[in-house]
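>>> Whatever this is, show me its structure:
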Amino acid sequence: MRKNKKMEIPSVKNIKNLKGKKVLLRGSLNVPMKNGRVADDFRLRSLLPTLEYLEKKGAKIILIGHIGRDPKETLKPVAEYFNKKLGKTVGFAPDLYASDLPERVNNLGNGQILMLENVRRYPEETAGDKKFAKHLASFGEVYVNEAFAASHRKHASITGVPQFLPGYAGLRFLEEVKHLTKAENPRHPFLFIIGGAKFETKVPLLKKFTKIADRVFVGGAIANDLWKAAGVETGKSLVGKDDPFAAALVKKANVLSPLDVVVESAGKSAVRNREEMKKADVIVDAGPKTIAELQEEVKKAKFILWNGPLGFYEKGYDKATKKLLKAIAESKAVSVIGGGDTVTLICKLKMEDIFTFVSSGGGAMLDFLEDGSLPGIEALQKSTSE
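Below is the predicted model:
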């Protein structure tokens with residue numbers, strides 16, 4: 001357990017005399033792209049409250065971030081999206097070591113924004129290199145982290161820069177912490193829903209929330225591990241290595257797994273009950289009986305925490321996830337929902353404002369729920385205040 005998690009996180013609103021001050025703002029700029037254009041702007045819109053606060057205060061804003069997994073990917077389309085769709089005048093600097101970059105930064109007018117190229121073009125970023133962090137820090141006088149979704153990484157722009165500049169959290173970052181912290185002392189009945197894949201990565205969360213939540217529903221590909229542990233045929237479905245904790249979960253009275261599933265077999269889809277599974281089946285989504293049971297649990301719940309889709313989202317199996325989203329939207333429960341694919345679906349359905357809070361964090365959300373802190377949070381807490 002991390003030592004600093006109970007410490008207060010310094011807020012962007014604590015920065016004094018922002019007028020004319022150079023603010024290095026680390027944003028969540030890693031957005032889905034399609035044909036070279038922004039396909040989902042949820043994270044960019046989430047950045048606006050902090051961006052607009054700094055603009056109004058007259059700060060000179062140097063915006064940094066990353067995009068994609070390929071270091072060759074560029075943030076230029078994101079800068080163009082800010083300019084065209086979000087009504088912000090954002091300059092763009094394609095080279096972090098360009099000789100004229102310090103001058104461009106210094107010549108920014110109060111309230112102006114300059115976006116720097118993808119920091120992951122430089123391997124020093126993911127290595128957490130101190131020299132690179134110092135180089136980034138040289139462009140600002142204070143640092144603001146508005147990239148909660150990347151704050152589980154010990155990267156130079158997340159944990160390195162606050163070693164050289166006073167560090168603060170952005171407005172959205174603080175909202176993430178506030179809403180996710182509700183899971184520590186939730187209203188009851190508390191329904192915890194976990195989906196997605198890779199059972200072994202979800203074990204710490206499941207150990208924690210089976211003790212806190214009244215009901216825990218395990219869906220998505222990780223439910224296959226529970227079926228396997230219970231001796232149910234899983235066919236050719238994605239399953240992890242045998243895990244004794246999966247067998248223990250099956251026996252817990254407050255843990256639910258699918259009653260039925262949608263499968264693909266011989267190029268066709270069908271609904272199967274647990275006892276009807278065949279060796280050629282591939283589980284791709286939760287079935288109607290499962291959703292009906294979940295809808296009843298949603299009606300009873302006063303607090304719902306959900307991360308990860310219930311189906312094979314990449315192949316278009318989103319029916320169960322959609323139905324569950326609609327059930328939660330119609331409930332009176334406090335609802336906190338996250339996970340990359342789940343949030344993408346929420347945005348497609350234009351439901352972002354219906355739930356109590358939609359988290360921008362995927363892995364960061366899971367890590368925070370597990371431990372109550374993140375490396376990016378601790379870096380801000382340890383940074384030298386002004």
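
>>> quick one: pLDDT of the closest residue to residue 300 other than its chain neighbours?
The shortest distance from residue 300 to any non-neighbouring residue, by CB to CB, 6 or more residues apart in numbering, is to residue 189 (5.3 Å). Where C-beta positions appear, they are placed from N, C-alpha and C, glycine not excepted. Note for residue 189: predicted pLDDT of 98.

>>> Would you state the strands of the stretch 1-150 of the chain in chain order?
With DSSP state E, counting those that start in this stretch, the ranges of strands along the stretch 1-150 of the chain come out as 22-27, 33-34, 37-38, 60-64, 90-93, 113-116, 142-146.

>>> The fifth one pairs with which strands, and in what direction?
When you say that, I think you mean strand 90-93. Counting by DSSP bridges, the strands paired with strand 90-93 are strand 113-116 (parallel).

>>> Now for this structure, the helix or strand with the poorest mean pLDDT.
None of the helices or strands of the chain scores lower by mean pLDDT, DSSP states H and E than helix 340-348, at a mean of 87.

>>> In PDB, please show the C-alpha coordinates belonging to the helix or strand hosting residue 377.
Secondary structure from DSSP states H and E places residue 377 in helix 375-382. The C-alpha coordinates for helix 375-382 follow below in PDB (Å, rounded to 0.1, in the frame of the first residue of the first chain):
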ATOM      1  CA  PRO A 375       2.500   7.100  -9.400                       C
ATOM      2  CA  GLY A 376       1.300  10.400 -11.000                       C
ATOM      3  CA  ILE A 377      -0.600  11.400  -7.900                       C
ATOM      4  CA  GLU A 378       2.400  10.700  -5.600                       C
ATOM      5  CA  ALA A 379       4.600  12.700  -7.900                       C
ATOM      6  CA  LEU A 380       2.400  15.700  -7.400                       C
ATOM      7  CA  GLN A 381       2.300  15.200  -3.700                       C
ATOM      8  CA  LYS A 382       6.100  15.000  -3.500                       C
END
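
>>> any idea of the mean pLDDT for it?
Summarised as a single mean, pLDDT over helix 375-382 is 97.

>>> So which elements touch it?
Judged by 3 or more CB pairs under 8 Å, 6 or more residues apart in numbering; DSSP states H and E, helix 375-382 is in contact with strand 142-146, strand 167-169.

>>> which parts of the following helix or strand past the last one are buried?
To tie it back to what came earlier, the one meant is strand 167-169. As assigned by DSSP H and E, the chain's next helix or strand after strand 167-169 is helix 171-180. Using 16 or more other CB atoms under 10 Å as the test for burial, helix 171-180 gives 171, 172, 173, 174, 175, 176, 177, 179, 180.

>>> and if you look at stretch 89-101?
Buried residues in stretch 89-101, counting neighbours by 16+ other CB under 10 Å, are found at 90, 91, 92, 93, 96, 101.

>>> Save these as CSV, and put in distance to residue 328 too.
Formatted as CSV, the buried residues of stretch 89-101 follow (distance: CB to CB, whole Å):
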residue, distance to residue 328
90, 35
91, 41
92, 39
93, 42
96, 42
101, 46
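
>>> Out of those residues, which is nearest to residue 126?
Nearest to residue 126 out of those is residue 96 (CB to CB; 14.5 Å).

>>> coming back round to it: from the buried residues of stretch 89-101, pick the one nearest residue 47.
residue 90 (11.2 Å).

>>> quick one, what contacts the closest residue to that closest one other than its chain neighbours?
Excluding the flanking residues, the one nearest residue 90 by CB to CB, 6+ apart is residue 82, at 4.2 Å. For residue 82, the contact set (CB atoms under 8 Å, 6 or more residues apart in numbering) comprises 44, 88, 90, 113, 115.

>>> Select from those residues the one having the most neighbours.
Of all the contacts of residue 82, the most densely surrounded is residue 115 (26 neighbours; neighbours counted as other CB atoms under 10 Å).

>>> where do the strands sit along the stretch 251-386 of the chain?
So, for the stretch 251-386 of the chain - with DSSP E, counting those that start in this stretch - the strands run 255-256, 260-265, 268-273, 282-286, 303-307, 334-338, 357-358.

>>> got the ones you listed as JSON lines, with distance to residue 321, mean neighbour count and mean pLDDT columns?
JSON lines is the format used below for the strands of the stretch 251-386 of the chain (distance: least, CB to CB, whole Å; neighbours: other CB atoms under 10 Å; pLDDT from 0 to 100):
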{"stretch": "strand 255-256", "distance to residue 321": "16", "mean neighbour count": "20", "mean pLDDT": "97"}
{"stretch": "strand 260-265", "distance to residue 321": "12", "mean neighbour count": "23", "mean pLDDT": "96"}
{"stretch": "strand 268-273", "distance to residue 321": "16", "mean neighbour count": "13", "mean pLDDT": "95"}
{"stretch": "strand 282-286", "distance to residue 321": "8", "mean neighbour count": "25", "mean pLDDT": "97"}
{"stretch": "strand 303-307", "distance to residue 321": "10", "mean neighbour count": "26", "mean pLDDT": "97"}
{"stretch": "strand 334-338", "distance to residue 321": "10", "mean neighbour count": "23", "mean pLDDT": "96"}
{"stretch": "strand 357-358", "distance to residue 321": "14", "mean neighbour count": "18", "mean pLDDT": "96"}
